[in-house]
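Peer 1: Provided below are the primary sequence and the corresponding predicted coordinates.
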Amino acid sequence: MDPGREDFIGLWSLDPAVTFLNHGSYGACPIKILEAQDRYRRQLETEPVQFFLRKQEPAMDRARRELATFVGADPDDVVFVHNATSGVNSVLRSLILEPGQELLVTNHGYAACRNSLEWTAARWGARVTVAEVPFPIGSPEMVLEAVLGKVSSRTKLALLDHVTSPTGLVFPIARLVAELERRGVETLVDGAHAPGMVPLDLRQIGAAYYTGNCHKWACAPKGAAFLHVRRDKQSAIVPLTISHGASSRRTDRSSFRLQFDINATDDPTAYLCAADAIRYLGGLLPGGWKELMDRNHQIAVAARMRLCTKLGIQLPAPDEMLGSMAAIPLKQSSNAAPVYSAEMDPLQERLFDSFKIEVPVWAWPAPPKRLFRVSAHLYNRLEQYDYLADALAQCEEAPQA
């Protein structure tokens, strides 16, 4: 069966005039979940005091329980944050380091979180060391070799992606965490793309810290993410905003939970919808979330094969290292790529302006080398990637030699 045959596009409010192949950047929330968020917001605004003082906590606890089950965790070890970048910052800003200690990251790390790591190192007189994971890459073992090869007696913490943003690789995160633990190194996992893309069992992974987005592949509204902190590390981790939870005298839950949950007036409806999204997406296919994740993976693998075949590009990574995204290198071009990731590549602009294709193109690992990344969710069809290949050919972007 063609894994992209059925049409689920009507479940989302995406512009039908756009070939949307970039679910990975910001996600896309189904219409039913947006409607659920509207209902929560009406409850909030109908009687704000009633909602915040009486309804919010039990509602968040229910959502937390469903989320914890989905990611394989104890609810007491999970708190809501607005996005994975906030989760990374909460951990890094809570750390106490010594001058000369090292913070390890890979060259595939998300730029925003790398900025936070650099800030943290400068604050304490520590230093950031970078493991150069190759891309193209031949096996998960090459990730292990690169990361473990940069560990020293001064390494305090490793910030590692579960699924890399620029290159769409699924790292062998459980093996990395275990090997680093054996070397006395704690791991902060940036799992921004993992929930809803790959099966998660945070108990089995065992990382000291793990943060993930619900608004990407689980399709919750923007502003829904979580931070999981292992029980032995929770007392040292505080939210970015210190609020009423810090002085609470309650004993029915941990200070960790209280500080993150009682965290200034905010709109918690995205958090509450995380559970709705997990239930809704999990009911779209007979096999539930397993079938959904398998299907998206199959679309991504098939799409990458079609693109690479049409463009004459060698597959840059094994299928086993893909989830629902795939990155493909482009050749160097006189159409210079921008230096800063916040700037849009001219090719990305042309693909949108001339073909109404939304797909990210960026300089990686540094200009003039570039790549593009495709995403695959239920609403995508394989012929959309054929259309992208034809558009790239018309833009005269040849494959990397």
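Peer 2: Arrived safely, thanks for sending.

Peer 1: alpha carbons only for contacts and neighbour counts from here, please
Peer 2: Will do.

Peer 1: where do the helices sit along the chain?
Peer 2: For the chain, applying DSSP state H gives helices covering 23-26, 31-46, 48-50, 56-71, 84-94, 111-124, 141-148, 173-182, 202-205, 255-261, 269-282, 288-311, 346-355, 382-394.

Peer 1: Can you check which of those helices gets nearest to His162?
Peer 2: Smallest distance to His162 across these (Cα to Cα): 5.8 Å, for helix 173-182.

Peer 1: quick one: average confidence on the closest one?
Peer 2: The average pLDDT within helix 173-182 is 98.

Peer 1: same check, this time on stretch 391-400
Peer 2: Computed over stretch 391-400, the average pLDDT equals 70.

Peer 1: ranking the helices of the chain by burial, who's on top?
Peer 2: helix 269-282 (a mean of 24; mean count of other Cα atoms under 10 Å).

Peer 1: quick one: that helix to helix 56-71, angle?
Peer 2: Helix 269-282 and helix 56-71 meet at an angle of 40 degrees, taking axes from the mean of the first three to the mean of the last three Cα atoms, to 10 degrees as the criterion.

Peer 1: re earlier: to Cys219, which of the helices of the chain lies closest?
Peer 2: For the helices of the chain, the distance to Cys219 is smallest for helix 269-282, at 6.2 Å, taking Cα to Cα.

Peer 1: about what we covered before: okay if I get the helices of the chain as a markdown table plus distance to Gly323?
Peer 2: Shown next, in a markdown table, are the helices of the chain (distance: least, Cα to Cα, whole Å):
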| stretch | distance to Gly323 |
| --- | --- |
| helix 23-26 | 11 |
| helix 31-46 | 24 |
| helix 48-50 | 41 |
| helix 56-71 | 16 |
| helix 84-94 | 18 |
| helix 111-124 | 20 |
| helix 141-148 | 16 |
| helix 173-182 | 13 |
| helix 202-205 | 17 |
| helix 255-261 | 31 |
| helix 269-282 | 17 |
| helix 288-311 | 5 |
| helix 346-355 | 23 |
| helix 382-394 | 16 |
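
Peer 1: any weak-confidence spans in the stretch 301-401 of the chain?
Peer 2: Applying pLDDT under 70 to the stretch 301-401 of the chain flags the ranges 332-342, 396-401.

Peer 1: For Thr211, find the nearest of the helices of the chain.
Peer 2: Thr211 sits nearest to helix 84-94 of all the helices of the chain, at 5.4 Å, using Cα to Cα.

Peer 1: Kindly calculate the angle that that closest one makes with helix 111-124.
Peer 2: In this structure, helix 84-94 runs at an angle of 10 degrees to helix 111-124, with the same axes, to 10 degrees as the basis.

Peer 1: pull the CA atoms of helix 84-94 into CSV?
Peer 2: Below are the C-alpha coordinates for helix 84-94, written out as CSV (Å, rounded to 0.1, in the frame of the first residue of the first chain):
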residue,chain,number,x,y,z
ALA,A,84,11.7,22.5,24.5
THR,A,85,14.0,25.6,24.3
SER,A,86,12.4,26.8,27.6
GLY,A,87,13.0,23.3,29.1
VAL,A,88,16.6,23.4,28.1
ASN,A,89,17.0,26.9,29.5
SER,A,90,15.4,25.9,32.8
VAL,A,91,17.9,23.1,33.3
LEU,A,92,21.0,25.1,32.2
ARG,A,93,20.1,28.2,34.2
SER,A,94,19.7,26.0,37.3
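
Peer 1: Per-residue pLDDT of the closest residue to Pro316 other than its chain neighbours, please?
Peer 2: Nearest non-adjacent residue to Pro316, counting by Cα to Cα, 6 or more residues apart in numbering: Pro136, 4.3 Å away. Pro136 carries a pLDDT value of 96.

Peer 1: what do you get for the one 5 residues further on?
Peer 2: What the model reports for Glu141 is a pLDDT of 98.

Peer 1: contacting residues for it?
Peer 2: If a contact means Cα atoms under 8 Å, 6 or more residues apart in numbering, then Glu141 has no contacts.
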